[in-house]
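Engineer: Give the three-dimensional model of this entry:
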Amino acid sequence: MATPSIPASAAAAPGARHGRRVVVAWLVLSAIATPLVALVLGPAIRPGHATDEAAQQVADNTVMTAVITPVFCLLVVFFAYSLWTFRARGAAIEDGPAVRGDSRIQVLWVVITSTVVLFLAGFGTYELLQTGAGGGQGPSPVAVPGGAKIPVQVIGQQWTFTYRYPTFGGVETPHLVLPANAQIEFHVTSLDAVHSFWAYQLGVKADANPGVDNVAYVTLKGPRTFHIQCAELCGLWHGYMFDTGKVVPPDQFNSWIKAQQAEFAPTAKYLPAFAKTYLPDPQRRAG
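Structural biologist: As a prediction, this is how the structure comes out:
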């Protein structure tokens, strides 16, 4: 006796039913999770809002996290539904029917993920050109913000950072103090090993390489303190390469820099106001 055939529509019905359930659950979860990510989680993302660059990084990270939230929700729903619906319910564990795949799902997945990746690539490139990354742009920055800037040279060495202020006679200080509501042009370099100048509340993380002038821009807001640390393993006391910087009102900064100029005048007179390669040894500087 011939085995009765099962209509194609009836055979496809269970798969279609599962697909609809997954899609509905995904849309509901995405509709709940995406606004929560954008409105609640996003504003709490570091580095905060101490500078324009840091605030822009928060906004960019919020957009990118919100964009990938539906993709994450789809994966969660798919795996949770599969584990619950197709789990073994008896004592015996048997192989299920062979699954050959669905070309429609594969094409849809490639289209969706490619669209997301291309959007994020374009969005990220645009934002980098608008505000920079805060991560240093090398000696010849592609994106240079407009307006007056105060240059500050950051000099890494084992195991501390020192700071020079070229527009204030090249005075060098062991602590970083900056005027509020000003645009700073950091010139980051190193005397010995590779270091990394990381002031995450300011949205700055720039590598300090020997003989390299790595430029990073920051537009400061109101007064605050911020942490500075080396983010590149640079030797035995790397973990102690830590300091606290300050953003102070302009009047307070002017008073502080004048005091530093008076204190360090005996040594500052031997140093140039600014040098892209910093060699403190007078004999080496002389050639």
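Engineer: what are the ranges of the helices in the stretch 151-287 of the chain?
Structural biologist: 250-268, 282-285 (DSSP state H, counting those that start in this stretch).
Engineer: Go through these and pick out the most buried.
Structural biologist: helix 250-268 (a mean of 14; mean count of other C-beta atoms under 10 Å). Glycine gets a C-beta too; all of them are placed from N, C-alpha and C.
Engineer: can you tell me the average pLDDT over that one?
Structural biologist: Helix 250-268 shows a mean pLDDT of 87.
Engineer: Where does residue 33 sit: helix, strand or coil?
Structural biologist: What DSSP: H, G, I helix; E, B strand; the rest coil gives for residue 33 is helix.
Engineer: And the pLDDT for it?
Structural biologist: Reported pLDDT for residue 33: 91.
Engineer: wait, doesn't it sit right on residue 73?
Structural biologist: Yes: at 5.6 Å, residue 33 and residue 73 qualify as touching, with contact defined as C-beta atoms under 8 Å.
Engineer: Tell me how far the closest residue to residue 163 other than its chain neighbours lies from residue 227.
Structural biologist: Of all residues not flanking residue 163 in the chain, residue 176 sits nearest, at 4.9 Å (C-beta to C-beta, 6 or more residues apart in numbering). When C-beta to C-beta, to the nearest Å is applied, the distance between residue 176 and residue 227 equals 11 Å.
Engineer: neighbour count winner among the two?
Structural biologist: Legend: neighbour count by other C-beta atoms under 10 Å for residue 176 and residue 227, higher for residue 176 (23 against 13).
Engineer: roughly how far apart are that one and residue 253?
Structural biologist: The gap separating residue 176 from residue 253 is 11 Å, by C-beta to C-beta.
Engineer: list the buried ones in the longest helix along the chain?
Structural biologist: Counting by DSSP state H, the longest helix found in the chain is helix 52-85. Buried residues in helix 52-85, counted by 16 or more other C-beta atoms under 10 Å: 52-60, 62-67, 69-70, 73-74, 77.
Engineer: how's the protein carved up into domains?
Structural biologist: 16-85+105-131, 150-285 (automatic domain parsing).
Engineer: Distance to residue 95 added to these, as JSON lines?
Structural biologist: Below are the domains of the chain laid out as JSON lines (distance: least, C-beta to C-beta, whole Å):
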{"stretch": "domain 16-85+105-131", "distance to residue 95": "15"}
{"stretch": "domain 150-285", "distance to residue 95": "49"}
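Engineer: Just say which of those is most tucked in.
Structural biologist: Of the domains of the chain, domain 150-285 is the most buried (mean count of other C-beta under 10 Å), at a mean of 17.
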